[in-house]
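Peer 1: Quick check, what structure comes out for this input:
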Amino acid sequence: MWIWLNLALHVALQGALILRALLRPHRDPASRIAWIVVILAVPILGMLAYLLLGETNIGRRRVARLRAVLAQLPDPARPPGDVPLAAIPEAERPLFRVGQSISGYAPVGGNRGAVLPDSEAVIAALVADIDAARQDVHLLFYIWLPDGSGTAVAEALCRAAKRGVTCRAMVDDLGSRLLIKSPLWPRMQEAGVRLGRALPVGNPLLRPLSGRIDLRNHRKIVVIDGAVTYCGSQNCADAAFRIKARFAPWVDVVMRFEGPVAWQNQHLFASDWMTYAGEDLTDLLRRPVPPAQGGIVAQVVASGPTARHSAVPEMFQSLMFAARQELVITTPYYVPDEAMQAALCAAAFRGVATTIVFPARNDNLAVGAASRSYYAGLLGAGVRILEFGGGLLHAKTLCVDGEVALIGSANMDRRSFDLNYENNILLYDPASTRALRDRQERWIAQSRPVRAADVAAWPMSRRLWNNALAVLGPVL
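Peer 2: Okay, here's the model as predicted:
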């Protein structure tokens, strides 16, 4: 009798979880089907997996706190002071409307920007800017390692704090756990640097009760004196990236901006800092923005599990559909939803010269295999696929028609779509887009083209592996 009672209870739990998966809002059909298969095929572990990972739950208290902070902050669309109107051609304006609909930041003109040469140059420029800071320095990184680069930035913060500059540094509690556990973390605090930890893990066994443990703050934000900001894919770490050294060097790209767009990144940093560190920064955001520095139109596009659902893929797809002549993309992780795969193929079908560059060796075995399951469809549409062989190409870039570019932290995978807090900058400026395209061409020169014949020659076992992991993409 106990056997029948246990069986009935098991079936009832399965039915309840399947019903929950079907009724959850903002879930695409592929994701629903994938989770139903997992719940049915792996009886106990599948149900446990759904309870832990099946829903984008950051915790009610955190959501309420973040919403209260956002309500307290100044209007993101209205920086204080004299901000130049954004001069955007009519054809490009819908892209910036999409960006503004996601996180509220309006496109602002009067910015200058430069693509920094390499990872070492990024750290050198960052240290120099911190050493020159007069008022405040704000940093947020998903991964901050206590290696050469991480230590150099930390020491620069200590120097700045000791001379009276207000320094705030925030890290993701899981991604930067090595720094938090190292002697460098308390040394920064002793020097007067104000420290914060985003999405604290706490007790890993109890953490699922208050929200998913794998929802992370993947942002990389730098703001110096409210006038200088950085945006790109690089974490605060050496290119050797010692925690995954066998894939090194990690190849990233970062742009350094001056102008009103720095206020938008300051606003974004403040939303995270006030949520997790509890310090009110609203007065800081009422300082007038710095005067115009150049002609770049730029807009911060921030996203996360508490933002509008599907915001990241909508931004990517809008850029793909906007392309008329050329579309060039680099991303380390490609596990798209059906709409994004269709948008990329549609660009090539309508005659746009469409190129996408992946790393030849991916640090995430499952994501790398799932990415390759999409190769045949992309190649069939006419998309040029290249695999970069000079390390792990970690840069997330998208250039459209030599005029519009997107750079930042977001990947083209389900994690960036649904689980991570991300930050990007959308810009309109032919010169800056050209500089980013030149960097992309440098990576392309170090890449091997993938041809349809290569994919057709893959053994059945490889295709089966790739396709099986792609089916689990909505779960992964």
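Peer 1: Now do the helices in the stretch 351-476 of the chain.
Peer 2: With DSSP state H, counting those that start in this stretch as the definition, the stretch 351-476 of the chain shows helices at residue ranges 365-372, 375-381, 414, 430-445, 452-456, 460-471.
Peer 1: And the stretch 51-200 of the chain, by the same measure?
Peer 2: Here the stretch 51-200 of the chain has its helices, by DSSP H, counting those that start in this stretch, at 60-72, 93-103, 119-132, 148-162, 177-180, 184-190.
Peer 1: averaging pLDDT over each of these, which comes out lowest?
Peer 2: Within the helices of the stretch 51-200 of the chain, confidence is poorest for helix 60-72, with a mean of 86 (mean pLDDT).
Peer 1: Dump the longest helix seen in the chain to PDB, keeping only the CA atoms.
Peer 2: Longest helix in the chain, counting residues (DSSP state H): helix 2-23. C-alpha atoms of helix 2-23 as PDB (Å, rounded to 0.1, in the frame of the first residue of the first chain):
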ATOM      1  CA  TRP A   2       2.900   2.400   0.800                       C
ATOM      2  CA  ILE A   3       4.200   1.800  -2.700                       C
ATOM      3  CA  TRP A   4       0.900   2.900  -4.200                       C
ATOM      4  CA  LEU A   5       0.700   6.000  -1.900                       C
ATOM      5  CA  ASN A   6       4.200   7.000  -2.800                       C
ATOM      6  CA  LEU A   7       3.500   6.500  -6.500                       C
ATOM      7  CA  ALA A   8       0.300   8.600  -6.300                       C
ATOM      8  CA  LEU A   9       2.200  11.300  -4.400                       C
ATOM      9  CA  HIS A  10       5.000  11.300  -7.000                       C
ATOM     10  CA  VAL A  11       2.500  11.500  -9.900                       C
ATOM     11  CA  ALA A  12       0.700  14.300  -8.100                       C
ATOM     12  CA  LEU A  13       3.900  16.300  -7.600                       C
ATOM     13  CA  GLN A  14       4.900  15.800 -11.200                       C
ATOM     14  CA  GLY A  15       1.500  17.000 -12.300                       C
ATOM     15  CA  ALA A  16       1.700  20.000 -10.100                       C
ATOM     16  CA  LEU A  17       5.100  21.000 -11.400                       C
ATOM     17  CA  ILE A  18       4.100  20.400 -15.000                       C
ATOM     18  CA  LEU A  19       1.000  22.600 -14.400                       C
ATOM     19  CA  ARG A  20       3.200  25.300 -12.900                       C
ATOM     20  CA  ALA A  21       5.600  25.100 -15.800                       C
ATOM     21  CA  LEU A  22       2.700  25.600 -18.200                       C
ATOM     22  CA  LEU A  23       1.200  28.500 -16.200                       C
END
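Peer 1: and the next element down the chain from that helix?
Peer 2: helix 29-41 (DSSP states H and E).
Peer 1: Could you dump the helices of the stretch 351-476 of the chain into CSV with mean neighbour count and mean pLDDT added?
Peer 2: In this view, the C-beta of every residue, glycine as well, is placed from N, C-alpha and C. Converted to CSV, the helices of the stretch 351-476 of the chain look like this (neighbours: other CB atoms under 10 Å; pLDDT from 0 to 100):
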stretch, mean neighbour count, mean pLDDT
helix 365-372, 21, 93
helix 375-381, 18, 98
helix 414, 23, 86
helix 430-445, 17, 98
helix 452-456, 13, 96
helix 460-471, 15, 88
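Peer 1: Compare these and report which one is nearest to residue 226.
Peer 2: Nearest to residue 226, of all the helices of the stretch 351-476 of the chain, is helix 430-445, at 21.2 Å by CB to CB.
Peer 1: Great, nothing more from me.
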